[in-house]
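> Return atomic coordinates for the entry below.
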Amino acid sequence: MKAIFVCTHGNAAKELIQSAEMICGKQENTSFVPFEVNESAENLQGKIVAELAKLDVTEGVLFLTDLKGGTPFNVLVRLLENFTEVELLAGVNIPLLLEAFLSREMLTLKDLASQVAETGRLGIYEYAMPVEEIEEDF
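Take a look at the predicted model:
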């Protein structure tokens, strides 16, 4: 089973995983690390490496983070060379994470990353209030 690893600013990673698990059940081979206020990139990298050592990455790992160019993203980019099968996506949200959980055993890692990214985009929806028709008196 492909590993899924989430790293975000603050506690968002933990909360996103817990919210997704409320919908699709407890997930194995999944972990996270929060990036804390005033934490150095080097310290974050050490925490990530330690947490990744607990996962089975033989089928690959899908890294998910919140913000392209942020410290969690930049640290994960530096770690990519340590893996033979790895994908990194920024912009994690619950629909994206659910898709990753539900599809990770059926797709190649590359296809999983593409499918998950598309689902994340489609998970953004702007609701438009229905316009009431105004009756005019003539």
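
> Pick out the residue closest to the middle of this structure.
In the chain, the residue lying closest to the centroid (Cα atoms, centre = their mean) is residue 64, at 3.3 Å.

> which helices and strands does the helix or strand containing that residue pack with?
Per DSSP states H and E, residue 64 falls inside strand 61-65. In terms of contacts (3 or more Cβ pairs under 8 Å, 6 or more residues apart in numbering; DSSP states H and E), strand 61-65 is packed against strand 3-9, helix 71-79, strand 86-90, helix 94-103, helix 109-122. For the C-beta atoms, the positions are set from N, CA and C on the backbone; glycine is no exception.

> Nearest approach to residue 52 belongs to which of these?
strand 3-9 (6.4 Å; Cβ to Cβ).

> Parallel or antiparallel, list what pairs with that closest one.
strand 30-35 (parallel), strand 61-65 (parallel) (DSSP bridges).

> Quick one: mean pLDDT over that strand.
Across strand 3-9, pLDDT averages out at 98.
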